[in-house]
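Enquirer: For reference, the sequence and a predicted model appear below.
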Amino acid sequence: MNYKRVLTIQDISCVGQCSLTVALPILSACGVETCVLPSAVLSTHTAGFSGFTFRDLSEDMPSVLAHWQKENIHFDAVYTGYLGSLNQIDYVLDIYNKTKTDTAFLIVDPAMADNGKLYPIFDMEYVNTMKRLCAKADYLLPNITEACFLTDTPYQTEYDRAYIDTLLHKLTRLGCKNVILTGVSYREGTTGVAVYENGEYACYEHPMLPNSCHGTGDIYASAFVGAFLRGNTTFQSAKIAAEYTMECIRVTGNLDNHWYGAAFEPAIPKLLELLS
Ligand code: PXL
């Protein structure tokens, strides 16, 4: 049986359907043993709520790692999302280097920006430090805004294939091996994912839905990691994650006033269908 163990490092936003509250159920549904390391605990996510609490858990990371080393604990993959503090980037790299199996992957979602803007609490110092983590990624999953920040490229809402190629090349020049770039839309009414693996480009295009939701980047990355660890190819995993994310957006569009996240739970049967 292909039963893999992943460690995911990202925040717990207690309310808001993002980061760990999304990654843990989705990875588990994919049949992957999911270990978690919370990077911070927030009362809610930071996009649209005001007055949220924020407890940085960086300080705990070295002793957590020391304990795992003592217990000889290893992971087949480490998947990082929203980190929330500059101090953590070196700890996260250290955790990956000391807990990886011989065939492990580092998968990085540089969750820090969308729609041309950084999320609240982040600045260019965070972006520049994040570049060091992205450089080590076997699979990097940015959206276009994050790709622009990471490569010092002006953000554009309209672009052609040459612009996307430049972003992909600049990202691999940072050091990461493969890129799955989300939100790539060359034509009105469609969007998709550009998969750049071993220097080869492929794109999975699908219809653009009329509504959008917060947290879909986390849903996408978690479903990608889950599908990939089950043994699907990169392109198949990118496609499964895109189809599942679309289903989550569709379900959310049928709800009244569900503004802070995507209703990913009722769409889990669709994920299982896509995986089967
Ligand atoms: O979905 C990304 C994310 C994760 N965690 C926190 C966030 C956001 C996006 O705003 O605020 C705390």
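Expert: Right, received. Where do you want to start?
Enquirer: Going by C-alpha atoms from here, please, whenever you check contacts or count neighbours.
Expert: Noted.
Enquirer: Show me which positions of stretch 10-24 end up buried.
Expert: Residues of stretch 10-24 classed as buried under the neighbour-count rule (16 or more other Cα atoms under 10 Å) are 10-13, 16-24.
Enquirer: Surely Tyr183 is in contact with Thr190?
Expert: Wrong residue type there; residue 183 is Gly, not Tyr. No. If you go by Cα atoms under 8 Å, Gly183 and Thr190 don't touch, sitting 9.5 Å apart.
Enquirer: Pick out whichever of these two has more residues nearby.
Expert: Between Gly183 and Thr190, Gly183 has the larger neighbour count (other Cα atoms under 10 Å), namely 19 against 14.
Enquirer: helix, strand or coil for the nearest residue to Thr234 once chain neighbours are set aside?
Expert: Sequence neighbours aside, Phe228 is the residue nearest to Thr234 in space, at 6.4 Å (criterion: Cα to Cα, 6 or more residues apart in numbering). Following DSSP: H, G, I helix; E, B strand; the rest coil, the label given to Phe228 is helix.
Enquirer: same check, this time on His214
Expert: coil.
Enquirer: what residues are up against it?
Expert: Ala47, Trp259, Tyr260, Gly261, Ala262 (Cα atoms under 8 Å, 6 or more residues apart in numbering).
Enquirer: which bits of the protein sit near the ligand?
Expert: Within reach of the ligand by Cα under 6 Å from any ligand atom, the chain has these residues: Asp11, Ser13, Cys18, Ser19, His45, Thr46, Ala47, Tyr82, Ala111, Tyr119, Gly215, Asp218.
Enquirer: Tell me which of the residues you listed fall in helices.
Expert: If you go by DSSP state H, these have Asp218 in helices.
Enquirer: okay, the residues of the chain next to the ligand in TSV with distance to Tyr244 and pLDDT next?
Expert: Shown next, in TSV, are those (distance: Cα to Cα, whole Å; pLDDT from 0 to 100):
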residue	distance to Tyr244	pLDDT
Asp11	22	98
Ser13	22	98
Cys18	15	98
Ser19	16	98
His45	22	97
Thr46	24	95
Ala47	23	93
Tyr82	21	97
Ala111	19	97
Tyr119	24	94
Gly215	13	94
Asp218	12	98
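Enquirer: picking that back up, want to throw the contacts of His214 into TSV with neighbour count and secondary structure?
Expert: Output for those, formatted as TSV (neighbours: other Cα atoms under 10 Å; DSSP: H, G, I helix; E, B strand; the rest coil):
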residue	neighbour count	secondary structure
Ala47	14	coil
Trp259	14	coil
Tyr260	19	coil
Gly261	20	coil
Ala262	26	coil
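Enquirer: quick check, nearest of these to the ligand?
Expert: Ala47 (4.5 Å; Cα to the nearest ligand atom).
Enquirer: This protein: strands as residue ranges?
Expert: In the chain, the segments counted as strands under DSSP state E are 5-15, 33-44, 54-56, 75-80, 100-108, 113-114, 117-118, 139-140, 178-182, 190-197, 200-207.
Enquirer: what angle do the helix ranked longest in the chain and strand 200-207 make?
Expert: As assigned by DSSP H, the longest helix anywhere in the chain is helix 234-253. Per axes from the mean of the first three to the mean of the last three Cα atoms, to 10 degrees, the angle that helix 234-253 makes with strand 200-207 is 20 degrees.
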